[in-house]
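1. A predicted structure for the sequence below; I have some questions about it.
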Amino acid sequence: MSVESDILDGLNKDIEASMESLKADLGRMRTGRASISLLDPVRVDYYGTPTPLAQCANLSAPDARTLNIKPYDSGLITAIEKAITKADLGLNPQNDGKLIRVPIPALNEERRKEIVKQAKSRGEDGKISVRNARRDANELLKQAEKDKEMSEDDLKRALVHVQERTDLGVKQVEELVAAKEKEILEV
């Protein structure tokens, strides 16, 4: 494999990692609709070890406004309730002894606009990450040309490929953010 293709592969991996990170960040944002990803940041004290909620309970979203949590060990119900409250997600768990129900309150317009701003901010962070990957790839290509591992023409062609991939990455970020914005503003 050539130096150029190695660098472009590295760029693609960096951009894909940025996309996955952005998708995860946007997935954790409240949209007024129940999603089990809202509970991703919750850590339960499971016999002295902070454990992700999904590893100690069955999570489900039976409807658009409710999350159900069924612990694998019924002794964990109070610990799960405390963990959800402590996570400061603005959610109030309700315990019936075997199952914890978490009603998802509807968002008002002001809160929706606030969440859209957060989504756009995360989108900007995603674009910065993609551009940083471009900068790193460009530096590697220029260094390879300096070290006589590639010609000047190859460098120019590679820089064009890097820019095309960067533009595609930025466009993907914008599409993800626009889709999340639409989802948040949907009543």
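-> Received, thanks.
2. quick one: low-confidence parts of the protein?
-> Per-residue confidence of the chain (counting by pLDDT under 70) places the weak regions at 1, 32, 187.
3. can you tell me the SS state at the closest residue to Asp136 other than its chain neighbours?
-> Spatial nearest neighbour of Asp136, excluding adjacent residues (CB to CB, 6 or more residues apart in numbering): Asp14 at 7.3 Å. Glycine gets a C-beta too; all of them are placed from N, C-alpha and C. For Asp14, the reduced secondary structure class is helix; criterion used: DSSP: H, G, I helix; E, B strand; the rest coil.
4. now Asn92
-> coil.
5. from Ala144, how far off is it?
-> Using CB to CB, to the nearest Å, Asn92 is found at 57 Å from Ala144.
6. neighbour count winner among those two?
-> Taking neighbours as other CB atoms under 10 Å, Asn92 and Ala144 compare with Ala144 leading, 19 against 12.
7. what packs against the helix or strand harbouring that one?
-> Assigning secondary structure by DSSP states H and E places Ala144 in helix 109-146. For helix 109-146, the elements it packs on are helix 3-27, helix 152-185, judged by 3 or more CB pairs under 8 Å, 6 or more residues apart in numbering; DSSP states H and E.
8. buried ones in the last one?
-> When burial is assessed from 16 or more other CB atoms under 10 Å, helix 152-185 yields the following buried residues: 154-155, 158-159, 161-162, 165-166, 169-170, 172-173, 176-177, 180-181, 183-184.
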